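*Asks:* got a structure for you, letters missing:
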């Protein structure tokens, strides 16, 4: 849980190779262990990056297997390892904790907590690079798949963390996507059971039960929809 800074003081940067830039008034930030970040990106030229259900499945697999301090190589190489070869995946072996995610046809959103130095950068580099290789090989194309490396917002307060979780979990609704057109962690949060990709307790422990979080998230979603027309930052986060 975070305390302190005003949730309006969000920081948005884009990263490309060794350079970083800022958009408008927002300043660059360094990733720090124990801090939370909203990370997002879209396909180059706003193209779709998930064309079939198998593409979603492959990205989700990458989200799991690339989240390890020790590199595993490619997912193809990983397929020859024993099922328990990656160990218990405790906090010492993971790069990040995934708080929530949403994969839409042409873009994705994550809320991540960095666990080790360069955790977010290493994780996103492996995940994006591995998926781009898979996509280009499958669809017989070449060149960049993503518009840039990724963009990120530093989550600087607990209030911001809660609202970011709602925004990411319900991002398909933000875009008015039909059922089945995207994949998100919303179902993990509503299931109220262990397992899945997300460390959801950091959010859910702040509510009496799952139903209370659901009501909060849906109310937050309505508020964000109303604010997005007047907020340059929210429009940027929407990747429109």
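*Replies:* Here it is on my side, so go on. What you see is a predicted model; the values in this text were computed from it and never measured. Numbers count the residues shown, from 1 in each chain.
*Asks:* Quick check: the gap between the residue positioned nearest the centre of the chain and residue 215.
*Replies:* Most central in the chain under Cα atoms, centre = their mean is residue 110, positioned 1.2 Å from the mean C-alpha point. Distance of residue 110 to residue 215, computed by Cβ to Cβ, to the nearest Å: 24 Å. No exception for glycine: its C-beta is placed from N, CA and C like everyone else's.
*Asks:* Over to residue 147?
*Replies:* 35 Å.
*Asks:* the more surrounded of the two?
*Replies:* Neighbours of residue 147 and residue 215, each counted by other Cβ atoms under 10 Å, are more numerous for residue 147; the result is 19 against 11.
*Asks:* can you pull the contacts of the more buried one?
*Replies:* Counting by Cβ atoms under 8 Å, 6 or more residues apart in numbering, residue 147 makes contact with 41, 42, 43, 44, 45, 46.
*Asks:* Can you classify the fifth one by secondary structure?
*Replies:* Residue 45 carries the three-state label helix when classified by DSSP: H, G, I helix; E, B strand; the rest coil.
*Asks:* That one: what's its closest spatial neighbour, skipping adjacent residues?
*Replies:* residue 147 (7.6 Å; Cβ to Cβ, 6 or more residues apart in numbering).
*Asks:* go on, the second one?
*Replies:* Among residues not flanking residue 42 along the chain, residue 107 sits closest, at 3.4 Å (Cβ to Cβ, 6+ apart).
*Asks:* circling back to that earlier point, between the contacts of residue 147, which is nearest residue 55?
*Replies:* Distances from residue 55 to the contacts of residue 147, taken as Cβ to Cβ, are shortest for residue 43 (11.4 Å).
*Asks:* Residues in a beta bridge with the closest one, which ones?
*Replies:* Assessed by DSSP bridges, residue 43 has beta-bridge partners residue 146.
*Asks:* returning to that earlier point: pretty sure the residue nearest to residue 42 sits against residue 39.
*Replies:* No - the pair residue 107 / residue 39 is not scored as a contact, 11.3 Å apart, by Cβ atoms under 8 Å.
*Asks:* who touches stretch 202-214?
*Replies:* 1, 97, 99-100, 113, 158, 161-162, 165, 189-190, 192, 216.
*Asks:* Can you pull the poorly scored residue ranges out of this protein?
*Replies:* Along the chain, the parts satisfying pLDDT under 70 run over 1-28, 72-92, 225-240.
*Asks:* What ranges does it have for its helices?
*Replies:* 53-65, 75-78, 119-138, 158-169, 171-174, 186-191, 201-204, 210-227, 232-237 (DSSP state H).
*Asks:* wait, which of these is closest to residue 31?
*Replies:* Nearest of the helices of the chain to residue 31, taken as Cβ to Cβ: helix 119-138 at 4.7 Å.
*Asks:* Flag every buried residue along that closest one.
*Replies:* 119-124, 126-132, 134-135 (16 or more other Cβ atoms under 10 Å).
*Asks:* biggest separation within the residues you listed, which pair?
*Replies:* Going by Cβ to Cβ, the pair spanning the buried residues of helix 119-138 furthest: 119 and 135, at 24.1 Å.
*Asks:* Next up, the contacts around the residue nearest to the centre of the chain.
*Replies:* Residue 110 neighbours (Cβ under 8 Å, 6+ apart): 38, 39, 40, 98, 99, 100, 101, 168.
*Asks:* And residue 197, by the same measure?
*Replies:* Residue 197 makes contact with 60, 63, 64, 98, 101, 185, 188, according to Cβ under 8 Å, 6+ apart.
*Asks:* change it to 6 Å
*Replies:* Counting by Cβ atoms under 6 Å, 6 or more residues apart in numbering, residue 197 makes contact with 63, 98.
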